[in-house]
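Colleague: Sequence and predicted structure, then a few things I'm wondering about:
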Amino acid sequence: MTDPVLTIGCFQYDTTRPLFDGSVGVDGMDVTMETGVTLPEIFARLIRGAEFDVAELGLTFYLRLLETGLPYVALPIFPNRVFRHSCIFINTHSEITEPGDLAGKTIGEFGTYGQDSGVWAKGILMDEYGFKPEQSRWVIGGLEHPAPPFDFIPHPHPTDVDVTVAPEGKTLGAMLDSGEIDALFSANVPQCMLDGSPNVARLFADFEPLERDYHQRTGIFPIMHTIVVRRELLRNRPDLAHTVYRAFSEAKDTAADGYRRNRRLYQVPTMVPWMNALVERNSEQFPEDWWPYGTLANHATLNTYLRYHYEQGLSARQWKIEDVFAPELLDT
């Protein structure tokens with residue numbers, strides 16, 4: 001008797017690579033791993049065509065669709081998490097030197113008002129610096145290629161927030177470089193920044209100390225994405241939520257163990273100089289499991305995100321953790 005097939009769509013991170021290379025499997029399942037060139041491609045395939053049994057999905061994409069009856073439920077697996085002080089870029093001629101200067105300015109955001117990275121960036125600025133999104137103008141478009149707002153999700157935003165679409169043929173990266181927008185909230189570093197344009201800089205140039213301080217004070221390590229599974233599959237296989245959770249956890253732990261083992265070799269498997277020093281410095285700040293899955297270890301982070309999502313007008317109500325994740329994994 002052959003094992004049932006399970007199709008998983010997600011990005012290839014170090015936390016998921018053992019699933020792709022087959023060194024970690026999902027017990028009792030014949031797994032097919034698929035990915036995309038970009039993360040929105042994976043999200044679109046899931047939402048438009050329900051192509052996957054299990055898939056990675058941005059938290060805001062999931063929450064927006066949860067209100068309309070998405071046939072998937074989230075598992076507390078978080079393959080993508082990034083500190084976000086570093087994701088705010090400015091035009092150097094815009095007279096922006098501190099967060100308060102964003103008031104009255106025009107800010108770009110990729111794909112939708114309230115990308116996961118943007119939800120975190122806005123929320124952190126609101127909590128820490130008194131930022132008010134309604135005091136800025138927002139332009140939605142493609143980062144390096146002209147693109148309309150995502151057509152596979154709803155686009156809620158408060159009525160007092162000015163949100164428009166980038167002009168046809170324009171990209172947010174080029175608009176930032178030229179000064180057509182004053183700032184950009186972006187999960188990806190714009191190419192003009194990578195090319196060393198003198199017109200572009202980060203709002204927080206020395207972002208690492210700020211992000212480390214933020215983590216030490218709050219205990220928050222921002223979460224961008226979760227893993228979702230078909231509700232129908234969970235009804236037919238009640239053990240599947242735990243089985244998938246264990247597989248993703250084992251894959252993540254395998255990656256973490258690799259970093260720990262490679263400390264003995266000064267991280268020679270990587271080309272990055274001083275990677276060993278970074279791993280050792282991080283070990284002083286983070287617990288042994290510095291990338292935890294489950295709801296219990298991520299309670300503060302998840303509740304903060306759910307609050308931000310509601311405060312920014314992206315949810316009709318403030319979701320609770322128990323509303324969002326599969327109930328059989330709420331004790332993880």
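Modeller: Looks like it came in fine.

Colleague: burial measure for residue 271, as a count.
Modeller: Neighbour count of residue 271, defined by other C-beta atoms under 10 Å: 7. The way it works is simple: take the backbone N, C-alpha and C, and place the C-beta from them, glycine included.

Colleague: For it, report the pLDDT, please.
Modeller: Note on residue 271: pLDDT of 94.

Colleague: Just say helix, strand or coil for it.
Modeller: Following DSSP: H, G, I helix; E, B strand; the rest coil, the label given to residue 271 is coil.

Colleague: again, but for residue 245
Modeller: Per three-state DSSP, residue 245 ends up helix.

Colleague: need the contact list for it.
Modeller: By C-beta atoms under 8 Å, 6 or more residues apart in numbering, the residues touching residue 245 are 75, 76, 77, 293, 329, 332.

Colleague: Mind putting the residues you listed into CSV with secondary structure?
Modeller: Output for the contacts of residue 245, formatted as CSV (three-state DSSP):
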residue, secondary structure
75, strand
76, coil
77, coil
293, coil
329, helix
332, coil
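
Colleague: so which of these comes closest to residue 34?
Modeller: Minimum distance to residue 34 across the contacts of residue 245 is 16.8 Å, recorded for residue 77 (C-beta to C-beta).

Colleague: on that earlier part again, which of the contacts of residue 245 tops the neighbour count?
Modeller: residue 77 (27 neighbours).

Colleague: Quickly list what the nearest residue to that one once chain neighbours are set aside is bridged to.
Modeller: Nearest in space to residue 77, with sequence neighbours left out and distances taken as C-beta to C-beta, 6 or more residues apart in numbering, is residue 227 at 4.0 Å. Under DSSP bridges, the beta-bridge partners of residue 227 are residue 56, residue 75.

Colleague: Residue 162 too?
Modeller: Applying DSSP bridges, one finds that residue 162 bridges with residue 137.

Colleague: what about it, distance to residue 55?
Modeller: 33 Å (C-beta to C-beta, to the nearest Å).

Colleague: higher neighbour count, these two?
Modeller: Higher neighbour count among residue 162 and residue 55: residue 55, with 24 against 14, using other C-beta under 10 Å.

Colleague: rewinding a little: which pLDDT value goes with the residue nearest to residue 77?
Modeller: Per the predicted model, pLDDT is 98 at residue 227.

Colleague: For the closest residue to residue 318 other than its chain neighbours, give me the backbone phi and psi.
Modeller: Residue nearest to residue 318 in three dimensions, not counting chain neighbours: residue 310, with 3.9 Å by C-beta to C-beta, 6+ apart. Main-chain torsions, residue 310, degrees, to the nearest 10: phi -70, psi -50.

Colleague: that older thread, what is the burial count for the residue nearest to residue 77?
Modeller: Using other C-beta under 10 Å, residue 227 has 24 other residues around it.

Colleague: Name all residues that make contact with it.
Modeller: Going by C-beta under 8 Å, 6+ apart, residue 227 touches 10, 54, 55, 56, 57, 74, 75, 77, 78, 79, 244, 248.
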